[in-house]
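Undergrad: how would this look folded up:
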Amino acid sequence: MIKKIIHCFTSNKCLKGLLIASAMILLIAVNAHALITYTNPNFHPDDYSQVFTPCTCMATLEWYDRADILELQNSSFGFFYWGTDVTNTNNLITIFDSLDTSSDGVRDTAKVDFANGRIYDLDVNPNIVERSFDQTAGNNIGFFLQIDTQYYKETLFTVAALNANGADIAATLPSINIPKTYLIGFEKPNSNPSLILGAEMVSGITPYAVPEPRTLELMGVGLLFVSVFSIRSLIRSKKTE
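TA: Sure, this is the predicted structure:
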């Protein structure tokens, strides 16, 4: 077996095959996303953003909440600072909870003040702070959705790597007419057809590119093969001098 491996790394044909294979795997990894069917005519298709940089003041409107329809309790939507431990619930900052319902026909709205670490419920009183948070915890954020554990037990994140089995279950749709505005929809994992659990319109955010761990690993493999091939070519060229 060892002889075969050594022969592979000293054979042009074998090395070229490995290079092509690693390149193909890398392309698949870069373009692999869940086929979330959630769309809206006022928004562009899903751009696969996972983490965002918020403006000083971010506004949020609850677009759709399945928990309201099913009259479920203990559901919430909010954000977390990228890089913090999301298994610690103190790092999950709630914007809307189960008390924020649209039963009166009016969509819930909130304002997040990142300069001072404050959240205002605009439906109750725009001048009263509903929640406070540590605004120094980071610069970039992701979003989460928790729905009653009787319906689905896992917290859902816009960052695929944080979901069970690395599933991409969040659709991030840029607004066609409103700058720095997204419609963020979460679907129930493994639902067929797609079952949307919640959707929020968020204004005052821009995408922050975060390479997926799997993509980084495959890039490393590809670079390894390129390095081996280059070193071998250099050795052969020196022998012919």
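Undergrad: Walk me through the domains of the chain.
TA: 2-31+215-240, 51-210 (automatic domain parsing).
Undergrad: Point out the most buried one among those domains.
TA: Comparing these by mean neighbour count (mean count of other Cβ atoms under 10 Å), domain 51-210 comes out on top with a mean of 17. Glycine gets a C-beta too; all of them are placed from N, C-alpha and C.
Undergrad: and the end-to-end length of that domain?
TA: 7 Å (Cα to Cα, to the nearest Å).
Undergrad: as a whole number, average confidence for that domain?
TA: For domain 51-210, mean pLDDT rounds to 90.
Undergrad: Let's have the domains of the chain in TSV, adding distance to residue 45.
TA: Formatted as TSV, the domains of the chain follow (distance: least, Cβ to Cβ, whole Å):
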stretch	distance to residue 45
domain 2-31+215-240	14
domain 51-210	7
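Undergrad: To residue 44, which of those lies closest?
TA: domain 51-210 (4.6 Å; Cβ to Cβ).
Undergrad: wait, doesn't residue 169 sit right on residue 189?
TA: Yes - taking contacts as Cβ atoms under 8 Å, residue 169 lies within contact range of residue 189: 5.2 Å.
Undergrad: Which neighbours do these two have in common?
TA: Counting by Cβ atoms under 8 Å, 6 or more residues apart in numbering, the shared contacts of residue 169 and residue 189 are 156, 163.
Undergrad: List the residues that contact the nearest residue to residue 136 once chain neighbours are set aside.
TA: Leaving aside its sequence neighbours, residue 136 sits nearest to residue 117 (Cβ to Cβ, 6 or more residues apart in numbering; 7.9 Å). Contact analysis of residue 117 by Cβ under 8 Å, 6+ apart lists 132, 133, 134, 135, 136.
Undergrad: quick one: which of these sit in helices?
TA: Assigned to helices by DSSP state H, none of those qualify.
Undergrad: Please identify which of these is nearest to residue 146.
TA: Closest to residue 146, out of all of those and judged by Cβ to Cβ, is residue 133, at 16.5 Å.
Undergrad: can you give me the helices in this structure?
TA: 2-9, 12-31, 66-70, 213-240.
Undergrad: ok, of the contacts of residue 117, which one's closest to residue 207?
TA: Nearest to residue 207, judged by Cβ to Cβ, of the contacts of residue 117 is residue 135 at 20.5 Å.
Undergrad: among the helices of the chain, which gets the worst mean confidence?
TA: helix 12-31 (a mean of 41).
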